Structure formats: structure tokens, C-alpha cells
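Asks: show me the folded form of this:
(2 chains)
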Amino acid sequence: MNLNTQQASRCPTYLSIVKLSELGVGQKALILQANVELPVKLFEMGCLPGEEVELVFAAPFRDPLCFRVQGTLVSMRQELADLIPITEPYGV
Amino acid sequence: MAFKRALRVALVGRPNTGKSSLFNRLTGLNQKVGNYPGVTMERHVGLAKLGAGVLAEVVDLPGIYSLHPSSNDERVVLQVLTTENESERCDVVVGLADGTNLKTCLFVFTQVLDMGFPAVLAVTMVDEMERRGAELDVPALEEALGVSVVPVNSRTGQGFDLLQAAILTAKASKKTPFFQPAGSHLPWLQKKQECIGAGLTYRAWLDGLNDPDFADSVRESGRSPERARADEAIQRYRWVNQWLRKVYHYDPVQDRRVAARFDRLVVHPVWGSIMLFGVLFVLFQALFYGAALPMDAIDSGIAGLTKALNEALPSGFINHFLTSGLLPGIAGVLIFLPQIALLFLFLSLLEETGYMARVVFIMDRFMRPFGLSGKSIVPLVSGTACAIPAVMSTRNMESAQERWLAIAVTPLMTCSARLPVYALIIGLVVPNTPWLGISLQGLTLFGLYALGFAAALLGSALLNRVVPDKKSALFLMEMPPYRMPLLRNVFTAVWTRSRSFVVEAGKIIVSISVVLWFLASSGPKGLPDFSGDYQPLPIEESYLGSIGRGIQPIMAPLGYDWKISVAIASSFVAREVFVGTMATLYSVDGDEIAPVRARMAEEINPDTGKPYFNLAVGVSLLLFYAFALQCMSTIAVVVRETRSWRFAIIQFSAYAVVAYLAAWSAFRFISYLTPL
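Replies: Numbering: from 1, shown residues only, chains lettered A, B, ... in the order given. Model prediction:
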């Protein structure tokens, strides 16, 4: 699956919105609808718009990141989490 | 009672749902079970007795997140489930769902139901569910799915009688479809459906997503095929969430808090690194200290047996064959069994507990500069046991680039077949005196492991530069929960792998030892007298002597005499053969039956009058064995996995060149530093 990071930079809409990669450890937020094309596997693993997501832990240099969504732990790299818009974080 | 194979049953589920444990319980067939996503790489088949007189063939399929293939594993599953071949078609699908994580597991299961298979849902980890207070209304879930739901415990076997009965009476769900494709591609789906049979909308949909025509028809409605797949995921999760709210109650907040705190420690830059380094350090020290006692026992046991045989039998052909040909070969296999068993014990414990997946996670950032992801740590770490399963474990990599890189460099990792050679040489040239309480021999071994790892990483980075990739890989992985390892699974892994080393590698080692014994005791000038008083030819006149002298000029710059040359030539079949060959060469050469290492230590270099195996020769040999791809079986597996002889030949040649250059420079350098 190809992850096109250029697509994201073409969408200035998201500059003002919080990205999943900005979540602090222990913080939660809701996933928002992205208007870039995300890898389908992400959806199939349960990372869907409207779901609550929590950053459970992060590797050194905050990359990759491990989130809890739909009750499972899903780990992804920063470059992918950068493409996913979320609501204002809450929690810890 | 006569059995009739009535059914073929496929096990389908996400990774880490206890699929392999259930498979083992159901079939009684020994198989590797692990906690790392995608450890079930190949199609495992077993026979299970279901009720009276019915024998079912059970196929354990790789763990998948979705029926839409993103990886080779998922491709395999889809292929098995959609096969047109009557002799491979599955009659019943058993879906697996981790009882502590039902939501995402049900996603895949609804896909299976939509394919129209008679199905049963097995809910695993019921002991954990109970402990954590998770409650599932089984009849209500059965009602919602339209098929039987059976909670099972693979540790105790609880619920398996119900599962077997449910498989026998399994029916396709009447509640389907759980997902209804909609949009401009419907006419295409209907046409496709006419070809493959009515009521199989979802089959048509799965086929369609790989069809360019279909992609075009999807685009007409202004959406990409990917977007259409995402819509499927959204619809399915909506259904699952809506039902689970009614039938499933689980409040894991407390457990999660504890697990999360532990995970933050495990991936912590300081504490996590200390933990990882500690685990590896204990592993390597254990390989030398922990294995020493059983190794000594095997060593002296074989030596005693050889001595007794030699005295009991009249001197002659049989005596010489047994004591100089067969027994040294068998000793060469058995002596390293303790180390191999220990290594596999550690590896499977790490997989079973879930720690291995954390290692993948931590390592990802560090592997990226080398063109790899954290997932490559699995073939690389498995490569410390054996390159063969390691190369096979690359199958679940989604990135073709990363996969070929991993296959290319994995054989550089220090595999267990190198251990016999390393142990022999290190024991010869590195003093057995502790330095600051650390075994120098253990430290050298640790260094060789580090060298293999560094060579693999640098090799990968270099190859990634030479043949760059246009796409970047997607690193998206489920983190398994920590679990108490099922000891039966760990010991099964140790047992099956040790057995396969003894049986498969052992077969090669022993037969080559015997062939070499023959080559060493007879020669071009004539066969020895088999009938009367058997007297082997002097080694110099044997076939082996001629071969060794033949290649010796090529090996001389590395500091090798003809015996080492012969041993290297013969070990191109498999590295560990080196030890057997040395044993054969020296016990044929000398009169006394002494362990090969002691005999080698006594070898004097005729030019210098000092021990032949000095540091320069030793290090040269260690480096040669670190880099040369001397393993027929690995080459065969690489050919199979890459489907390319060219790949394997280039790989073999590149390894040979690097090995020769490294051994040559080390020999020259150390000889220069330590003048005679």
C-alpha cells in the first residue's frame, strides 16, 4: 500500500486541525473524517471516523506510536498519524 | 470403527486470537504457536475426530485483519477460501474471536459469513474473560450472527465437545449480508454474480476489487475502489458495535491502566533499552554457561562409547567405520543440541509473552534508515536460530522491497549452524579465562552475533541505495496483549525445532561424515583391503587429501592448510559439517581417539613449530564462516521464496566474495600485529 505524503501537504485545511500524531501519551480524542485517501487497512483495523482514540505509548523519538482504538492496540508510524485529523484532545 | 473424511474445516481469524492453540487442541498435531502477529505462516493441516466416526481435515490459515488482501498472508487466506478446486475447497469455516477483544475479531467474521460459508464462531480466551469480568450473552450473539457461537478454552479443552458438535451441524447464516455494496458498480456485480452463482454478492465484490473493469465502474460513482472498501469497513463496524452493545459487557479500564503503565516502561528509551539488552545478554551468556554441562556430558558419553566399542570389537573395517566414521559424525550433531534448544526456548518465550511485538515496535525507528521496518527484526532475530524459518517468516511483509532486502541479508545473522563452528574455533583460540568476571569466550561469541547483525543492516542499507524503492512501506500492526506463555506451546516449539535440527541437519552431517571417512580412508591409488586386516590409507594418499590440496592454493592467503580447505569445501553443504569433517580428518589422521578440539590444539604448524590454530587463523576462520553462505538448505528456501535462481546465485556469490576478503584482511592484519 502506498502512502502518499504529498497529498496531505496539498490540503491546507488540516493545518488548523489537531493531528493524531500530536496526541500526548495518555490523551484521548475522536477521529475525524480525513479528506486525503488513507490506507484501507487502517479502517479495517478499526480506526474509523467517530471512534475514540488514545495514545497509549510511544517508541523513542515518538515514532512509531501505539494507539488504543476499538479496544485493541494499533501501532503506526508518525507519517501515517500525521494524516489523521482528530478533535481537541482530552484526558490526562 | 471406520472413519470417513467428511469435512474440510478452515480456521480463520485475526492474529493473536489463539488460533494455533485451538488448532493444536483440535488436531493434536504439533505446531509452532506464537504471539507475534502472523506467526502462522504456512498452511498447516491436521486431522480431527469430530464426534462418532467423522474425521475432519482442519486447515489453520494465517491470521488476517480483513479478507481484502493487503499482505501475502491475506492473499493466501482469500485464495484458500475462494478456490475452485474441489479437493481444496473448505466446507466449514471456524471463525476465531478473542473474548477480550471481540469487536475487531467480529469484523473479519462477518466477512466470512457474507461469503456464504457454513460457519461457527469460537470465542477463545474465556479464562481471561472470566478473570477480567467480561460477560457475553452467547445466545443473543448467535441470534445476531445466525450461526453457532461456542466459548472455548484451549488451555483446558473446555468447550471443545460443543465446538466439534457445532462444526458437524454448521450452517450458513441466514442473516447475511452484513454488508451491502451500493453505487454505480452494482450492475457489474450482478453480471459477475451470474458467472459465479446466485447469492454470492460478496464473492463478486471480493473478486471485483482486483478487477480493473470493476475499479472503473466504482469510479463512475465518484469514489475510488479504496474508498468503497473503507465504506465496507465502516458499515461492518457499525453493525458490530450496534450488536456488541447489547450482548457484550466488558469494562477493562483497570487492566488497561496496568498494561499501559508496563508498556510505557518496556518502550522507555532507558529502561526499555536496558531490558532489551539484558534479555539478549542473558541469552548469550546462557548459551555458553547454561549449555556447558549437558555438552560436556554428551562429549564424554560419546568418547566413552567410542573407547568401549574400539576395545570390544576386533580391529578391522567395522571397528574403524564405527569409531572413526559414524560416531564422530553423530557426536558432531548431538554436542550442539543443548545450545540450540536453549536458543529456541528463549525465542519462543519472547514470542509467546508478546514481548517480541514490543521489540518490533521499539526497533522500527532504528531499522528505517536501513530500508527495513521493525518487522524485519523478526526474520533477523529468527535468523539467529536458523535462516530457513527466518527467510520464510518474511512472507507477512507487505512491502515487496523490504521483503527482498530481508531475504537478502537474513542469512548474515549468526544462525545456530554457525554455533558449532564458532564454539570449536573460539574454544581453540580464545583463552578460557574470565576478564572482569565476563567469559572472554562468551564475549567473542556476543561480538560475532553483533557482527552478523551489523553486516545485515549495512548490507540492507547498501542494497536499498543501489536498488531504491518508489513506494514507502505501511507499518500498521496490532500490538498483542501480554500473556502468560502456554508452556506446552514453548516446549512444543523447542522440541519440534530441536528434533528437526537433529533429523534434518543431522542426516546431512552424519552422511557426509561417513562419505568423508570413506574419502579419507581410500584413495586414487587403490581401495583398502576390506576382507582381511583393515588398514586405512594414510590421509595424504586419500581422495580427500587430493581435493584439499587442489583447493588449498586458493585458500592459502587466508591462512588455511589443506585440511581446513577440505573442511570448508565439504561444509558448503551446511556450515556445521565443518566440525564433522575436522573430526573425521583428525581421527583418521591420528592414532588416539580424542575430542576433536583437543586434537586440533595439538596441531603444530610445520613452518613455525608453534600451534597451528593461532589467533590469526582462528579469526580468519570465524570471519569466513560469519559471511559465507554455506548452507544448501538456505539457498533452496531463498529460491523458493523469491522464485528466482538468479537472486540466490547473486546472493551466494556476493557472500563468498565478502567472506574471502574479510578473512583475508583479518589474517593479514593479525599476522602483521603478532609477528612470529
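
Asks: can you show me the helices along the stretch 451-600 of chain B?
Replies: With DSSP state H, counting those that start in this stretch, the ranges of helices along the stretch 451-600 of chain B come out as B:487-500, B:506-521, B:543-555, B:562-570, B:577-589, B:596-602.

Asks: the fourth one to helix B:543-555, inter-axis angle?
Replies: Comparing the axes of helix B:562-570 and helix B:543-555 via axes from the mean of the first three to the mean of the last three Cα atoms, to 10 degrees yields an angle of 90 degrees.

Asks: what residues does helix B:562-570 touch?
Replies: Outside helix B:562-570, the residues within contact range by Cβ atoms under 8 Å, 6 or more residues apart in numbering or on different chains are B:512, B:516, B:544-545, B:547-549, B:551-552, B:554-555, B:560, B:577-578, B:581-582, B:585-586, B:589, B:617, B:621, B:624, B:630. Every C-beta, even on glycine, is put in place using the N, C-alpha and C of the backbone.

Asks: pull out the buried members of those.
Replies: Listed as buried from the contacts of helix B:562-570 are B:512, B:516, B:544-545, B:547-548, B:552, B:555, B:560, B:577-578, B:581-582, B:585-586, B:589, B:617, B:621, B:624, B:630; burial here means 16 or more other Cβ atoms under 10 Å in any protein chain shown.

Asks: tell me which of the helices of the stretch 451-600 of chain B sits most buried.
Replies: Mean neighbour count (mean count of other Cβ atoms under 10 Å in any protein chain shown) peaks for helix B:577-589 among those, with a mean of 27.

Asks: ok, and what's touching that one?
Replies: B:323-325, B:328-329, B:331-333, B:420-421, B:424, B:508-510, B:512-513, B:516-517, B:520-521, B:536, B:539, B:544, B:563, B:566-568, B:570-571, B:593, B:596, B:599-600, B:603, B:625.

Asks: spell out which helix or strand contains B:T156, please.
Replies: Assigned by DSSP states H and E, B:T156 falls within no helix or strand.

Asks: how about the strands in chain A?
Replies: Along chain A, the segments classed as strands by DSSP state E run A:18-19, A:28-30, A:52-58, A:65-69, A:72-76, A:85-86.

Asks: okay, those, which one's buried deepest?
Replies: Across the strands of chain A, averaging neighbours per residue (mean count of other Cβ under 10 Å) puts strand A:72-76 on top, at a mean of 24.

Asks: pLDDT (mean, whole number) over stretch B:7-14?
Replies: Mean per-residue pLDDT for stretch B:7-14: 92.

Asks: no no, stretch B:129-143
Replies: Across stretch B:129-143, the average pLDDT comes to 92.

Asks: right, is that stretch up against chain A?
Replies: No - on the criterion Cβ under 8 Å from any Cβ of the partner chain, stretch B:129-143 is out of touch with chain A, staying 10.6 Å away.

Asks: which ones are touching the closest residue to B:L428 other than its chain neighbours?
Replies: Nearest residue to B:L428, sequence neighbours excluded (Cβ to Cβ, 6 or more residues apart in numbering or on different chains): B:F613, at 4.7 Å. Counting by Cβ under 8 Å, 6+ apart, B:F613 touches B:425, B:428-429, B:600-601, B:603.

Asks: and which of those residues is nearest to B:T496?
Replies: Distance from B:T496 was checked for each of those by Cβ to Cβ. The minimum falls on B:I425, at 29.3 Å.

Asks: what does chain A put close to chain B?
Replies: Near chain B, when you scan chain A using Cβ under 8 Å from any Cβ, you find A:1-3, A:25-26, A:37-46, A:48-49, A:56-61, A:63-64, A:66, A:68, A:70-77, A:79-80.

Asks: pull out the buried members of these.
Replies: Buried members of the residues of chain A next to chain B, scored by 16+ other Cβ under 10 Å, are A:1, A:3, A:38-46, A:48-49, A:56-59, A:63-64, A:66, A:68, A:70-77, A:79-80.

Asks: could you list the low-pLDDT ranges of chain A?
Replies: A:1-16 (pLDDT under 70).

Asks: rerun at 80
Replies: Scanning chain A for pLDDT under 80 picks out A:1-16, A:35, A:92.

Asks: before we move on, back to that, make JSON lines out of the helices of the stretch 451-600 of chain B and add mean pLDDT.
Replies: JSON lines is the format used below for the helices of the stretch 451-600 of chain B (pLDDT from 0 to 100):
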{"stretch": "helix B:487-500", "mean pLDDT": "74"}
{"stretch": "helix B:506-521", "mean pLDDT": "77"}
{"stretch": "helix B:543-555", "mean pLDDT": "83"}
{"stretch": "helix B:562-570", "mean pLDDT": "83"}
{"stretch": "helix B:577-589", "mean pLDDT": "72"}
{"stretch": "helix B:596-602", "mean pLDDT": "80"}
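
Asks: nearest to B:L283, out of the ones you listed?
Replies: Closest among the helices of the stretch 451-600 of chain B, using Cβ to Cβ: helix B:487-500, at 14.0 Å.

Asks: what's the angle from that closest one to helix B:506-521?
Replies: 20 degrees.

Asks: strands of chain B, start to end?
Replies: B:4-13, B:44-50, B:54-60, B:92-98, B:119-124, B:135-136, B:148-151, B:248-249, B:434-435, B:438-439, B:476-479.

Asks: possible to save those strands as TSV with mean neighbour count?
Replies: Listed next are the strands of chain B as TSV, based on neighbours: other Cβ atoms under 10 Å in any protein chain shown:
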stretch	mean neighbour count
strand B:4-13	20
strand B:44-50	18
strand B:54-60	21
strand B:92-98	27
strand B:119-124	26
strand B:135-136	15
strand B:148-151	22
strand B:248-249	16
strand B:434-435	10
strand B:438-439	16
strand B:476-479	23
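
Asks: which one, of the ones you listed, ends up nearest to B:Q180?
Replies: Per Cβ to Cβ, nearest to B:Q180 of the strands of chain B: strand B:119-124, 19.1 Å.

Asks: for that closest one, name the packing helices and strands.
Replies: Counting contacts by 3 or more Cβ pairs under 8 Å, 6 or more residues apart in numbering or on different chains; DSSP states H and E, strand B:119-124 packs against helix B:19-27, strand B:92-98, helix B:102-114, helix B:138-145, strand B:148-151, helix B:160-168.

Asks: can I get those in CSV with distance to B:F214?
Replies: Shown next, in CSV, are the helices and strands packed on strand B:119-124 (distance: least, Cβ to Cβ, whole Å):
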stretch, distance to B:F214
helix B:19-27, 31
strand B:92-98, 25
helix B:102-114, 17
helix B:138-145, 28
strand B:148-151, 34
helix B:160-168, 34
